[in-house]
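A.B. asks: Provided below for reference: sequence and predicted model.
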Amino acid sequence: MEFFEVVKRRHCIRAFASKPIEREKLEQILTAANAAPSAGDLQAYEIYLVNKAQLLAALARAAGNQDFLAVAPLSLVFCAHPARSASRYGERGTRLFALQDATIACAFAMLAATALGLGSVWVGAFDDDAVRRVIKAPEGLLPVAILPIGYAAEKPEITPRRPLDMLVHEVKT
Ligand SMILES: Cc1cc2nc3c(=O)[nH]c(=O)nc-3n(C[C@H](O)[C@H](O)[C@H](O)COP(=O)(O)O)c2cc1C
């Protein structure tokens, strides 16, 4: 799919078919995430792949009973790894770069999923500790986004955006 078509088509999907995701497609998504830029090329994030029914249900509970998380065939949990960025960038790495590294990797994965004809939704509302327990991540990692991925069982809702002239501020001399 052409890039701008991918960007246009990407909208949240919160209803998933039971059809599993082909291994090849999952690898393409993970490879796309791995291609994302990162501060100092340090890739200060980790990705946890959750595909067991029991764990997906636990993720849904950790995210305030967002039940579609239990229905999607898999979720990727993107965690910032602050210590990895702090080793070079100190406080800015901890506070900012690790979060940005995890975030842009998730964005790449999301767009890759769309390009492959799959649906996804960015999930940011969850209890950090509960998610960490489900994925068995160490305390030092901060879950940033959960990305459930699967074949869509609904048509996405196309929501309006702020007009560019409200959003973009041309800086004058
Ligand atoms: C940081 C962030 C957190 C979000 N958290 C959730 C969430 O917890 N649950 C959910 O259903 N959608 C969540 N969303 C999805 C937004 O609701 C959605 O992107 C927005 O309404 C625009 O719709 P669209 O993605 O279909 O264009 C989140 C999106 C972002 C970027």
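C.D. replies: Nice, thanks for sending it over.
A.B. asks: got the residues of the protein near the ligand?
C.D. replies: Residues of the chain lying near the ligand by Cβ under 6 Å from any ligand atom: 11-12, 14, 66, 121-125, 156, 159. Every residue, glycine included, has its C-beta placed from N, CA and C.
A.B. asks: pick out the most distant pair among the residues you listed.
C.D. replies: Farthest pair in the residues of the chain next to the ligand (Cβ to Cβ) is A125 and P156. Separation: 19.0 Å.
A.B. asks: quick one, which of those two is more surrounded?
C.D. replies: P156 (16 against 8; other Cβ atoms under 10 Å).
A.B. asks: dihedrals phi and psi, that one?
C.D. replies: phi -70, psi 150 (degrees, to the nearest 10).
A.B. asks: do the same with the one 3 residues further on
C.D. replies: When quoted as degrees, to the nearest 10, the phi and psi of T159 stand at phi -100, psi 150.
A.B. asks: what about it, neighbour count?
C.D. replies: Count around T159 with other Cβ under 10 Å applied: 7.
A.B. asks: residue contacts, it?
C.D. replies: Residues in contact with T159, defined by Cβ atoms under 8 Å, 6 or more residues apart in numbering, are H11.
A.B. asks: tell me the centre residue of this structure?
C.D. replies: Centroid-nearest residue in the chain: C106, 3.6 Å away (criterion: Cα atoms, centre = their mean).
A.B. asks: what sits closest to A112 if chain neighbours are left out?
C.D. replies: A32 (3.5 Å; Cβ to Cβ, 6 or more residues apart in numbering).
A.B. asks: what's the local residue count around the one you found?
C.D. replies: 19.
A.B. asks: list the helices and strands the helix or strand encompassing it packs on?
C.D. replies: A32 belongs to helix 23-34 when assigned by DSSP states H and E. Applying 3 or more Cβ pairs under 8 Å, 6 or more residues apart in numbering; DSSP states H and E, we find helix 23-34 packed against strand 45-50, strand 74-80, helix 98-115.
A.B. asks: report the distance from that helix to the chain centre.
C.D. replies: 13 Å (Cα atoms, centre = their mean, to the nearest Å).
A.B. asks: with stretch 7-14 instead?
C.D. replies: 13 Å.
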